[in-house]
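Visitor: Build me a model from this:
(2 chains)
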2 protein chains.
Amino acid sequence: MEQEIFAERIVRVPRSFIREILKVSLDPGIISFAGGLPNRDLFPVSAMEAASARAFELHGRDMLQYSSSEGLLPLRRYIADRYLRRKGLRIPAEDILITNGSQQGLDLLGKALINAGDAVVIEEPGYLGAIQSLSVYRPRFVPVTLADDGLDIAELRAATDGKGVKMMYCVPSFQNPSGITYTEGNRRQVAEVADARGFFVVEDDPYGELRFSGSDQPSFAAMIPERTILLGSFSKIVAPGLRIGWIVAPEAIREKLLVAKQASDLNTSGFTQQILCQYLLDNDLDAHIACIVEAYGRQCRAMVDSIDRHLPATITWTRPEGGMFLWGRLPRGLSAMKLFDHAARERVVFVPGDPFYTARTDVPALRFNFTCANEQTIEEGMIRFSRAFRQVM
Amino acid sequence: MEQEIFAERIVRVPRSFIREILKVSLDPGIISFAGGLPNRDLFPVSAMEAASARAFELHGRDMLQYSSSEGLLPLRRYIADRYLRRKGLRIPAEDILITNGSQQGLDLLGKALINAGDAVVIEEPGYLGAIQSLSVYRPRFVPVTLADDGLDIAELRAATDGKGVKMMYCVPSFQNPSGITYTEGNRRQVAEVADARGFFVVEDDPYGELRFSGSDQPSFAAMIPERTILLGSFSKIVAPGLRIGWIVAPEAIREKLLVAKQASDLNTSGFTQQILCQYLLDNDLDAHIACIVEAYGRQCRAMVDSIDRHLPATITWTRPEGGMFLWGRLPRGLSAMKLFDHAARERVVFVPGDPFYTARTDVPALRFNFTCANEQTIEEGMIRFSRAFRQVM
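Guide: Presented below is the predicted three-dimensional model:
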């Protein structure tokens, strides 16, 4: 029946495993490090409420009408100004296409660029939302190992040698799931390979502003602008419920992305765009982000400290300088899926590594999220986790 | 270059011709019957503003977080209740998937169901947004002539005979572009063919509540529920800027649509869903729709009267009982595209028929929208149009 009714593209798309885990997490006795949500206590609710009232006052009728497929120009100007101020990138507002979160940016890229069988380089481990979204367009994923300083360059060279790779997807700052940040040197090497081999680098940067230590690294757009596609999002720095992100692509691609956007849903809600824009104009986003960074930095340090106190050195951990996640590598041969079952019985959950891989199962690695638990909960969760770990060892 | 970079699916998708026309319409001296927008003067701005404030009060933090891919349950319950009350249809709230307007419903259907080359029946003339959206998935469109009482049944039978048709897309009430409504008899015949041939009927119903004369016709869901996919939208009855629509599909398809939704953008904005839901709970939607119907009915009658006064009987017109559009059939051999150029010089514009056809050009037909012009403007526009018409005859 599946074969008859459905499009081939959808039959094999993985169901979101994380959604299944989130169901387990609803039990209030469970400590969950599985989620990937920003901390709701940090949403700027009052400021958004005021912005909403002001937006109704100034643009009530306009923001309820259909709007342009490209997005609200003042919002795109704000994003352009921020790129210039934060990153020194000169990106005209007109080059920015507003999307429903950066997840839609991925869908539009798949729609506009990927033919079945096209090779797409992806980090291993890689962001599962990208794996799911791009899977719909049936690419051939080419996984390249993510090391602590960025992509494994020898592997990237070998994987893209004469293979007609069309694009590479990466999260070079505070990667999801690993928390890893590519060093500047690694970025330059990746850029060289992309330039030499002629593929596009899709730089997804939802966490880039959530840095609590170390210093900012340059964007691929500063190295290979004509080969870089930038994805951005307000989900982690303002609020995900608005569903507003954006995409910046070289001119040749922009028009097709716009056609894909029109075909997908005509335009992103002008209502949410106008309210968000009012919030951005009336508030100091940097100050708000500083509060998020302070909290996440504290939570991350608490998690690292708890790990050091309670877990043996046979598990190695990334030490993120920002973002929302850290990544543990288990002793060889130990499946994180198996560990998950034990941990769930101890009433603590995480995301086993499997959904972050395109072609491996029972991987000995897992993701912890630290943004939604306070220090006490983190400590208690690690004690429970260490019990589960000792059981399987 | 196009062949190398782009996906085959996007290369031939038509750019929206209406967008081009809308640019012409920005000139304030032009009278435009080209748009397809609801009348902004009728948006419930104050009530939405109050609902927004109340939603912040009750759900501020929740509505700024990620939310479920299925959509907000109270909103889906409201939609389910309305189906029962208005149409006698028993649709569980859980069967309703919230989308970004019904346009996204089309994209999800294409994504989940259409393989390249699959046959899709479409009305001729048909809704251009559907043509554009489904084109991405490279179906083989099978156009079937739309007569004044609905689809040409003999043609539908012939077109679907042994052809492995997967679905039919239609707007059976106050169709866009024609304003035509299928009679109950016609619906039953279409349902019989769909049932016998085993294809899905996608019933898009954005205008169904905008009836200013005659009486409601039954949904395909009342005749062939297991073969009917319903698309709905708040765009024409509340406000399109929210980008909220929905899709109801048989169980076998629902899960794949949900996977497609997750892959497309995770979820529709919980922020707009919650505010819309609050508006619906706090207001009488029927009373609001009655105001819209009163206004559109008046404008439609004004347009029909102006047509009768100023245009010769060599153009024949549909007489809509609701919706936003009427459709003129020009004398055979007269291209509406050619007439458009003359009309634009007379400073009145409309949409020539071409973009509503999948395989014909220079068609002798055109669409007029009556929702955004008052009676005087309509009268003046028809005088200008009659001058242009006389020039080309």
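Visitor: can you give me the helices in the stretch 201-350 of chain A?
Guide: A:251-265, A:270-282, A:285-310, A:336-345 (DSSP state H, counting those that start in this stretch).
Visitor: Touching the shortest one from outside, list them.
Guide: Contacts of helix A:336-345 from elsewhere in the structure, counted by CB atoms under 8 Å, 6 or more residues apart in numbering or on different chains, are A:24, A:30, A:330, A:349-350, A:352-354, A:361-366, A:384-385, A:388-389, A:391-392. The way it works is simple: take the backbone N, C-alpha and C, and place the C-beta from them, glycine included.
Visitor: Quick check on those: which are buried?
Guide: A:30, A:330, A:349-350, A:352-354, A:363-366, A:384-385, A:388-389 (16 or more other CB atoms under 10 Å in any protein chain shown).
Visitor: Tell me how many other residues crowd residue A:85.
Guide: 10 (other CB atoms under 10 Å in any protein chain shown).
Visitor: quick one: what helix or strand has it in it?
Guide: Assigned by DSSP states H and E, residue A:85 falls within helix A:73-87.
Visitor: ok and that helix relative to helix A:270-282, angle-wise?
Guide: Helix A:73-87 runs at 50 degrees relative to helix A:270-282, counting by axes from the mean of the first three to the mean of the last three CA atoms, to 10 degrees.
Visitor: Mind giving me the packing neighbours of helix A:73-87?
Guide: Contacts defined by 3 or more CB pairs under 8 Å, 6 or more residues apart in numbering or on different chains; DSSP states H and E place helix A:73-87 against strand A:96-99, helix A:270-282.
Visitor: Highest mean neighbour count out of these?
Guide: strand A:96-99 (a mean of 26; mean count of other CB atoms under 10 Å in any protein chain shown).
Visitor: now what about that one, what contacts it?
Guide: Counting by CB under 8 Å, 6+ apart, A:69-72, A:75-76, A:79-80, A:105, A:108, A:244-249, A:254, A:257-258, A:261, A:268, A:273, B:265 sit against strand A:96-99.
Visitor: Deepest-packed of the helices of the stretch 201-350 of chain A, please.
Guide: It is helix A:270-282: most buried of the helices of the stretch 201-350 of chain A by mean count of other CB under 10 Å, with a mean of 24.
Visitor: Report the next helix or strand after the helix or strand where residue A:21 lies in sequence order.
Guide: Here residue A:21 sits within helix A:17-25, counting by DSSP H and E. Under the assignment DSSP H and E, the closest C-terminal helix or strand after helix A:17-25 is strand A:31-32.
Visitor: can you tell me if that next one touches chain B.
Guide: No: figure legend: strand A:31-32 not in contact with chain B (CB under 8 Å from any CB of the partner chain); closest approach 14.4 Å.
Visitor: elements contacting that strand?
Guide: Taking 3+ CB pairs under 8 Å, 6+ apart as the contact cut, strand A:31-32 packs with helix A:17-25, strand A:348-349, helix A:375-392.
Visitor: quick one, the longest one and helix A:336-345 angle?
Guide: Calculated by the same axes, to 10 degrees, helix A:375-392 forms an angle of 120 degrees with helix A:336-345.
Visitor: what's the angle from helix A:375-392 to helix A:285-310?
Guide: Using the same axes, to 10 degrees: helix A:375-392 against helix A:285-310 is 40 degrees.
Visitor: List the contacts of helix A:375-392.
Guide: Contacts for helix A:375-392 (CB under 8 Å, 6+ apart): A:31, A:33, A:298-299, A:302-303, A:306-307, A:309-312, A:315, A:334, A:338-339, A:342-343, A:345-348, A:350, A:370, A:373.
Visitor: any chance of the helices and strands packed on helix A:73-87 in CSV, with mean pLDDT too?
Guide: Converted to CSV, the helices and strands packed on helix A:73-87 look like this (pLDDT from 0 to 100):
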stretch, mean pLDDT
strand A:96-99, 98
helix A:270-282, 98
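Visitor: That'll do, ta.
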